[in-house]
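Peer 1: What follows is a predicted structure for the sequence shown.
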Amino acid sequence: MAFAVSLVMNIFQLFRREFNLMDVTTIVYFSIASVGIFVFSINVFIDESGFLGYFTLFLMAVFSIVVKQPFTFQVSKRDYPEVYWRDKLFLLVNQVITGVWAIVFLLNAFVYLFLRSPINIIVSNTLIVIGIVFSIIYPLKAPARRVYKEFIRYDWRVDVSPGRSNGEDEYDVIIVGAGIGGLTCG
């Protein structure tokens with residue numbers, strides 16, 4: 001069934017000439033699993049489906065980072081205008097999110113290798129929820145944090161001593177501007 005679904009999804013993408021790494025990985029994995037099960041009667045794809053599936057996703061995520069085409073990039077492109085697609089920060093955010101998903105996939109592979117049902121399902125789903133929440137929050141917070149870090153490098157400190165009078169050429173506040181904003185600040 002999974003093979004048929006991934007095949008149908010990829011046929012539509014073939015006609016649109018849109019491929020992404022996750023879909024290609026899915027069809028390759030299920031093709032190998034189908035041949036292994038139905039032709040060679042290899043049951044490891046059934047007995048260890050959780051481990052093999054998540055480990056395959058881990059390898060796919062790591063590969064996408066290595067080739068600098070994070071698999072999350074395809075999804076992000078749907079939500080952001082093309083002008084952002086080559087932006088270094090946009091790519092960095094996708095690299096980080098893909099890295100987090102690689103960790104989630106690897107942890108889930110080990111969860112299915114070492115834990116049994118129903119604990120493995122609960123832990124796996126919890127890790128997936130963590131990945132989803134991170135994927136939603138991080139793109140909103142990371143650019144602002146990056147800008148803040150850049151801004152803070154150029155910040156300055158002014159020593160203010162409220163108990164002491166200022167001498168000539170010493171100021172606690174300097175107002176720049178002659179408009180209504182400067183007058184209001186003064």
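Peer 2: It's in.
Peer 1: So for L59, what pLDDT did the model give?
Peer 2: The model reports L59 with a pLDDT of 97.
Peer 1: which strands and helices sit next to the helix or strand that it is a member of?
Peer 2: Using DSSP states H and E, L59 falls within helix 49-66. If you count contacts as 3 or more CB pairs under 8 Å, 6 or more residues apart in numbering; DSSP states H and E, helix 49-66 packs onto helix 21-38, helix 88-114, helix 119-153. Placement of C-beta: from N, CA and C, glycine included.
Peer 1: and the angle for that helix with helix 21-38?
Peer 2: Helix 49-66 runs at 150 degrees relative to helix 21-38, counting by axes from the mean of the first three to the mean of the last three CA atoms, to 10 degrees.
Peer 1: Specify the local secondary structure of the most far-flung residue of the chain relative to its centre.
Peer 2: Distance from the centre of the chain peaks at E168, with 55.1 Å (CA atoms, centre = their mean). At E168 the chain is in coil, as set by DSSP: H, G, I helix; E, B strand; the rest coil.
Peer 1: Equivalent analysis for G163, please.
Peer 2: coil.
Peer 1: Skipping its backbone neighbours, what lies nearest the residue nearest the centre of the chain in space?
Peer 2: Central residue of the chain (CA atoms, centre = their mean): I97, 1.5 Å from the mean position. Excluding the flanking residues, the one nearest I97 by CB to CB, 6 or more residues apart in numbering is T72, at 4.8 Å.
Peer 1: List phi and psi for that neighbour.
Peer 2: phi -70, psi -20 (degrees, to the nearest 10).
Peer 1: Now do it: how many residues are near it, please.
Peer 2: Residues contacting T72 under the criterion other CB atoms under 10 Å number 23.
Peer 1: So what touches stretch 36-55?
Peer 2: Applying CB atoms under 8 Å, 6 or more residues apart in numbering, the external contacts of stretch 36-55 come out as 29, 32-33, 105-106, 108-113, 120, 124.
Peer 1: change it to 7 Å
Peer 2: A33, F105, N108, A109, Y112, L113, N120 (CB atoms under 7 Å, 6 or more residues apart in numbering).
Peer 1: Quick one, grab the pLDDT at I121.
Peer 2: In this model, I121 carries a pLDDT of 96.
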